[in-house]
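> Take a look and give me a structure for this.
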Amino acid sequence: VQILRPENRSFFAAMPDWNPEGMASAIASSDHLLCVHEMTSSLLGVSALVPGAATLITNLFSTHHLPENLGKDVWLREYVEGACNELYAAQLSPGFVGWRFEELNCHLF
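Residues are numbered from 1 along each chain as shown. Purely as a prediction, here's the structure:
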């Protein structure tokens, strides 16, 4: 469920079937609440400490397509090409258990 303001959380606590904690054995049955105001405030705070972090995080959750004409700015082309990349979750073979990320990266790519 998505809410806009943190003070609206109290309305969900009164709902009979609302299960904010969930159970360890039944994760699929737990309920999740996302407060947009808290999320944007957190991203703003992270951005103040680490410039560009909010842009990186939002780019990970959005899809972009490469426009045909980007102009002559090299930085803009590099940014848009990077933003057009996608992340996928993949399960690796058990043979890779114990490998460090750097080793996997060199071996797989």
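> Show residues contacting stretch 80-89.
Contact partners of stretch 80-89, identified using CB atoms under 8 Å, 6 or more residues apart in numbering, comprise 59, 60, 63, 64, 65, 66, 67, 70. C-beta: built from backbone N, CA, C; applies to glycine.
> Filter those residues down to just the buried residues.
Judged by neighbour count, with 16 or more other CB atoms under 10 Å as the criterion, the buried members of the contacts of stretch 80-89 are residue 59.
> Next, give me the two most distant ones among the contacts of stretch 80-89.
Of all pairs drawn from these, the one with the largest separation by CB to CB is 60 and 70; the distance is 21.2 Å.
> where do the helices sit along the protein?
Ranges of helices in the chain, per DSSP state H, are 9-13, 36-49, 53-60, 74-83, 101-108.
> Quick one: these as a markdown table, columns for mean pLDDT and distance to residue 95 too.
Listed next are the helices of the chain as a markdown table, based on pLDDT from 0 to 100; distance: least, CB to CB, whole Å:
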| stretch | mean pLDDT | distance to residue 95 |
| --- | --- | --- |
| helix 9-13 | 68 | 45 |
| helix 36-49 | 84 | 37 |
| helix 53-60 | 83 | 28 |
| helix 74-83 | 85 | 31 |
| helix 101-108 | 87 | 11 |
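> need those in CSV with distance to residue 92, can you?
CSV is the format used below for the helices of the chain (distance: least, CB to CB, whole Å):
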stretch, distance to residue 92
helix 9-13, 38
helix 36-49, 30
helix 53-60, 20
helix 74-83, 24
helix 101-108, 8
